[in-house]
Each structure stands twice: as structure tokens, then as C-alpha cells.
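Student: sequence and predicted structure are below.
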Amino acid sequence: MTPAQNVFRRDAKIISLEGLAHGVSHFFHLILAPLFPWLKDAFGVSYAELGLLMTVFFIVSGMGQALSGFIVDRIGARAVLFFGVGCLGVSALVLSMAPNYAALLTGSMLAGLGNSVFHPACFTILNKRVSPARLGHAFSVHGLTGNLGWAAAPLFLTTIAGLNDWRTALLAASFIPAVVLLLLVLNRDLLHTHDVHSTQSAGKKVAASGSALAFMRLPAVWMCFAFFFITAMALGGIQSFSSPSLRALYGMSLASATAGYTVFMLASAAGMVWGGFLASKTTRHERTIAFAFALAGLFALVIAAGVVPPAMAVVLMGVIGFGAGIAGPSRDLLIRAAAPANSTGRVYGVVYSGLDIGLSMAPLLFGALMDADHPAWVFIGIGIFQCMAIVTAVGVGTNTARDTLKARAA
């Protein structure tokens, strides 16, 4: 086997292992939501109390994500990733045995803690272990497996809960991270990142060695944070209230409105695959993001206007998802380009905490719009947030390109 073939096989294994772990983390985003009908009856709690379980998950995840990036940069990504996967398995066991609401909160916090490590750890592994030419495809697989995790959780959990009960469903879910952790441990040599040189260009700014927080003075880091917060607000609106909004605007059945969200997810996955090829062919990733989100934002406003037939509204949900998917790999490469050398974990941790914060706040905003009987504003808000994301992406790309030119001139 030639050296090039060996590198390809190594890259493929690393990308597959990382994608599998990332899919598990997204599966656990929805470890409780599909079981709400069973939990409501079992514990006699309100929907507000059930919603608090999700808020707690994302608050813990957001705080932990910012902190775990520092740990990744200090001890390496592999051990942190192992901890996160194991923590998810323990959280499912705790939830499956929960005797009361307080135990559910504890399990949700454990799941949030486990989820917090994935973006800093996974992106550090990809950046340091995968060949630069395949990073676009690696980020594409990363996003695709995350979407598959979201799609698999409701089907897995509700099927088992329907056949048996909710405790059995959660117990069965605990085996998923256990199996994945075993695979990661068996292939641990592929995931070793400590003392491995980053594939980032040598001309990039290096964080000051005297301060672990030096990277936080870079405007590009906070523009990336704002970008993730804004896009998470749009995604949170789609995940939480696109179906009831479609029903209110178009008089759809529950099945048709749910199909709209399913089409969104499938099209988003397809967009990520294509986005991986686009991202590998350019260094100006903000242009791809601008095109993709302009497309998605425009058609979100078309849905809000209520001027298309119901069937076409479902199709346009797919167009919105496809646009959001295309932006995914370019988004992750844009952040990589903005990150100082030797600070990958910290940057991804802080930046991706914006995702958790946005996902925790979006249901509050869009839920208030639905309670006020303004279903059209759900899609107007989604469109506005997607267009706002363009501004932050262009800002990051322009700032990074300018700094790169200055470094080369120096």
C-alpha cells in the first residue's frame, strides 16, 4: 500500500470515529424531549418543568464547553472526549432510574456536562490529525452525523417507550455511548493529539504564551461567537416551533407539518455533503456562508408571507435546510482560520458555547411569538437571524484575510 493510501485510510478512520462520537452527542440533545408525554404522566409535572430540563442541559453544556476547551489544549482532546462519551452513558442510566423530578434535573445536567466537551475535543482532533486537503470533507461528515443523531433519537426512544416503557428506552440509550466509547478506546492511537503539530498555517497569529486568555482579545473570536449565537437562534426556532407555525399559517395536519421539519433535516444533511466539496475548493468561506444563508433567509420570509400552497411550504423547508447545511463545513473552516495556533480547543469551546446559549434562548423567544398568536413571525425571525449571520461571517472572513496579509507582509 502506498503512503498516500495509508494517509487516506488513517484520515477515513479518524473522521469516522469522530463523526460517530459527534452523532452520539446530538442524540443526547434529544434524550428527554421525545419522552415528554411519558414523563409528564409519570411525574405529574407541567410542560414548563419539562422545558426546564432542556434549558438546564444547554446551560450546563454552554458553560462547560467554554471551560473544556482550555482542558483540551492542556491535556489533549482524547481523554476529554472519552470523559464526555462516558458521562453521556452515565446520564442515561441516572435518568432511567430517576425516582423524582430532582433526579431528572440531575441526569439532564450530567448529559449537558458530557455534551460540553464534544466540539472542542472533536475539532481539535480533526484539525491536528486529518490531512488539510480533507478537512472540508471532515467537517461535512461532522455536521452530517450530528444531524443523523438528531433524527435517530426520537425514533429510537419513542419506539422502545411505546413497546415497553420510558425507563427501558433510556436504559437502552445508555448502551449507545458505551459501545462508542469502547470503539474509541480500541482506536485510541488515532485520536492522540497532545504534542501533535497543528495543520494551521505558520503565518497565523500565535496566542501569547504568557496568557491562556490572550485569544479572547481577538475580535474574530467574538464575531465567531456572535455568528454561532445568531445561527443557533434560527435553528432553535425551526426545531421548536416550525411545525406549529406551519399548522397555524397553512392549516396543515400535524403529520404534514412534522414532515416539513423532517424535510428540513434531510435537506440539511444533503447540504452538508455538498458544502464539504465547496469548502475544500476555496479559502474565502464567508462567501459560501453568505450565499447559503441569503438563500435560506429569503425562503423563510416567503413561508412567513403565506403566499405559497401548503405542499410548496414543505418543499421550501427543504430549501432552507439545504442552505443551512451548505454553510456548515465552511463555518467550521472559517473558525479554524480565525483561531490562533495552539488555541484550537479554547477557541472552539468559547465559540461553540454561543450555540448552546442560542439554543437555550430560542424557545423562549419563539414560544412567546406563538403564545401571542403571531405564527408568521416565527419564520420572519428565522429569516432575520439567518441574514444577520451573514454580517458576522463576512466580518470574520474579512478580518482573518486582513490579518493573514499583514502576517505575510511582516
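Tutor: That came through fine.

Student: isn't residue 234 right next to residue 378, touching?
Tutor: No - judged on C-beta atoms under 8 Å, residue 234 makes no contact with residue 378 at a distance of 10.5 Å. Quick note: C-beta positions are derived from backbone N, CA and C, even for glycine.

Student: now list whatever residues contact both of these two.
Tutor: Shared contacts of residue 234 and residue 378 (C-beta atoms under 8 Å, 6 or more residues apart in numbering): none.

Student: okay, buried residues for stretch 273-285 please.
Tutor: 273, 275, 276, 278, 279, 280, 284, 285 (16 or more other C-beta atoms under 10 Å).

Student: need the max-distance pair from the residues you listed.
Tutor: 273 and 284 (20.6 Å; C-beta to C-beta).

Student: excluding chain neighbours, what is closest to residue 46?
Tutor: Using C-beta to C-beta, 6 or more residues apart in numbering and skipping residues adjacent in sequence, the residue nearest residue 46 is residue 40, 7.9 Å away.

Student: contacting residues for that neighbour?
Tutor: With C-beta under 8 Å, 6+ apart, residue 40 has these contacts: 46, 47, 50.

Student: can you show me the helices along the chain?
Tutor: 3-29, 36-43, 47-75, 77-96, 101-115, 118-129, 135-163, 166-186, 219-250, 254-279, 285-305, 310-338, 344-371, 376-409 (DSSP state H).

Student: winner for burial among these?
Tutor: helix 118-129 (a mean of 28; mean count of other C-beta atoms under 10 Å).

Student: which residues make contact with it from outside it?
Tutor: The contact list for helix 118-129 (C-beta under 8 Å, 6+ apart) reads 10, 14-15, 18, 21-22, 25, 65, 68-69, 72-73, 77-78, 80-81, 84, 135, 138-139, 142, 190-193, 196-200, 332, 335-336, 344-346, 348-349, 352, 355.

Student: cutoff 6 Å now
Tutor: Outside helix 118-129, the residues within contact range by C-beta atoms under 6 Å, 6 or more residues apart in numbering are 14, 18, 22, 25, 68-69, 72, 77, 80-81, 84, 138, 191, 193, 196, 198, 344-345, 348-349, 352.

Student: same thing with stretch 234-250?
Tutor: 252, 257-258, 260-261, 306, 310, 313, 359, 362-363, 366, 370, 375, 378, 381-382, 385-386.

Student: ok, stretch 383-403 next?
Tutor: 220, 223-224, 226-227, 230-231, 233-234, 286, 289-290, 293, 296-297, 300-301, 334, 337-338.

Student: and that stretch, how far out from the chain's middle?
Tutor: A distance of 19 Å separates the centroid of the chain from that of stretch 383-403, by C-alpha atoms, centre = their mean, to the nearest Å.

Student: ditto for stretch 120-135
Tutor: On C-alpha atoms, centre = their mean, the centre of stretch 120-135 falls 16 Å from that of its chain.

Student: check stretch 114-130 too.
Tutor: The answer for stretch 114-130 is 12 Å, by C-alpha atoms, centre = their mean.

Student: can you check stretch 75-87 too?
Tutor: 18 Å.

Student: heads up, I number from 289, so please use that
Tutor: Noted, 289 is the first residue going forward, which turns the last one into stretch 363-375.

Student: so for that stretch, mean pLDDT?
Tutor: In this model, stretch 363-375 carries a mean pLDDT of 94.

Student: so what touches that stretch?
Tutor: Contacts for stretch 363-375 (C-beta under 6 Å, 6+ apart): 359-360, 401-402, 405-406, 409, 412-413, 465, 468-469, 479-482.

Student: least confident pick among the residues you listed?
Tutor: In terms of pLDDT, residue 482 ranks lowest among the contacts of stretch 363-375, with 65.

Student: contacting residues around residue 425?
Tutor: residue 564.

Student: what do you get for residue 428?
Tutor: 560, 561, 563, 564, 617.

Student: please repeat the previous calculation with a cut-off of 8 Å.
Tutor: 560, 561, 563, 564, 565, 567, 616, 617.

Student: which one of those residues is nearest residue 436?
Tutor: residue 560 (10.3 Å).

Student: next one: that closest one relative to residue 664, how far apart?
Tutor: Separation of residue 560 from residue 664 (C-beta to C-beta, to the nearest Å) stands at 28 Å.

Student: for residue 610, same thing?
Tutor: From residue 610 to residue 664 the distance is 22 Å (C-beta to C-beta).

Student: quick one, domains of this protein?
Tutor: 298-422+430-475, 503-698 (automatic domain parsing).

Student: so how far is the first residue of the first one from its last?
Tutor: Spelled out, it's domain 298-422+430-475. 11 Å (C-alpha to C-alpha, to the nearest Å).
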